[in-house]
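Visitor: coords please:
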Amino acid sequence: MRMSVRNLVQGYGSKTILDDISFDVDTGEVLALLGPNGSGKSTLIKTICNIMEPRSGRILIDETPIEDIDITDLAKFVSYVPQSTAAATYTTVMDTVLLGRKPYVTWSYRQKDIDYALDAMKAMRIIGYSSRDVSDLSGGQRQRVFLARSLAQCPSFFIFDEPTSALDLKHQMNTMIKMREVVHDKGAGMVIALHDINLAMNYSDKVLMLKNGKIFAYGTPDETITEENIRAVYGVESRIMEAEGRRFILPMSPDNFEDD
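Guide: This is a model prediction of the structure:
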């Protein structure tokens, strides 16, 4: 299955945020979105989830425009986890994760739905919180609850907006390892906006790098995450290092310390 974005233009009021964006993501692939603040990552995420209607261009799933897909069916294809989950949610963790099964429920939850929710909570290491109110959890714990809800949804495509931003190092790595495993082993696709270039380098199959609302680079991590591109997009000098068979970014210094 393939999600395709074709010549997408998006904006707010008179301001254009995204200009002529085109790319594909297939099931079995992790596509990382990179770019500085204001480059359009969150706007792109909301548009491909059908939260915002594009000004022009198309988003298709296997050549079917997403606006032509019934909203319940779309929830079986696409699962969205936003950048912030700070709003209080006065339900238990179990109930919140079970909401991921809502597109498949006609009357009441089945044992199968409960099993999916339990497996998702185990994957995100929150099974011990199942009876706690989500509003009582820390920001990082709450983020893992919403990631578990997305896992329980079993979509064709996971669409995540900086899902690791509230997580500590251990849970950042666990989340990326688990999601990459789901994508590769269970045949899903993922589009994930990230600030951490090292996570994108080590856990994605493709990278789309945005600058000023346009595609600056698109390809494999080795092709796109280069010292030259990091300098051009982020204004930061860096070195790409290797250790234990993995590559990572060592930032050196910004071009300048003035506000953008």
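Visitor: in the protein, which residue is most central in space?
Guide: The centre of the chain sits closest to F160, judged by C-alpha atoms, centre = their mean, with a distance of 2.1 Å.
Visitor: give me the contact list for the lengthiest helix in the chain.
Guide: In the chain, taking DSSP state H as the definition, the longest helix is helix 169-186. Helix 169-186 is contacted from outside by 27-30, 123-125, 140, 144, 147, 151, 158, 160, 163-164, 167, 188-190, 192, 196, 199, 202-203, using C-beta atoms under 8 Å, 6 or more residues apart in numbering. Every residue, glycine included, has its C-beta placed from N, CA and C.
Visitor: surely the residue nearest to the centre of the chain and V81 touch.
Guide: Yes. Using C-beta atoms under 8 Å, F160 is in contact with V81, at 4.8 Å.
Visitor: thinking again about what came up before, can you give me the offset of the longest helix of the chain from its chain's centre?
Guide: 12 Å (C-alpha atoms, centre = their mean, to the nearest Å).
Visitor: again, but for stretch 110-117
Guide: 24 Å.
Visitor: partner strands of the lowest-mean-pLDDT helix or strand in the chain, parallel or antiparallel?
Guide: Using mean pLDDT, DSSP states H and E, the weakest-scoring helix or strand in the chain turns out to be strand 246-254, at a mean of 85. Paired strands of strand 246-254, with direction, are strand 236-243 (antiparallel) (DSSP bridges).
Visitor: what does the strand it pairs with rub up against?
Guide: Here strand 236-243 has contacts from 225-227, 230-231, 247-255, using C-beta under 8 Å, 6+ apart.
Visitor: for the record, mean pLDDT for it?
Guide: For strand 236-243, mean pLDDT is 91.
Visitor: check stretch 99-117 too.
Guide: With pLDDT averaged residue by residue, stretch 99-117 scores 93.
Visitor: same deal with stretch 41-58?
Guide: On average, stretch 41-58 scores 94.
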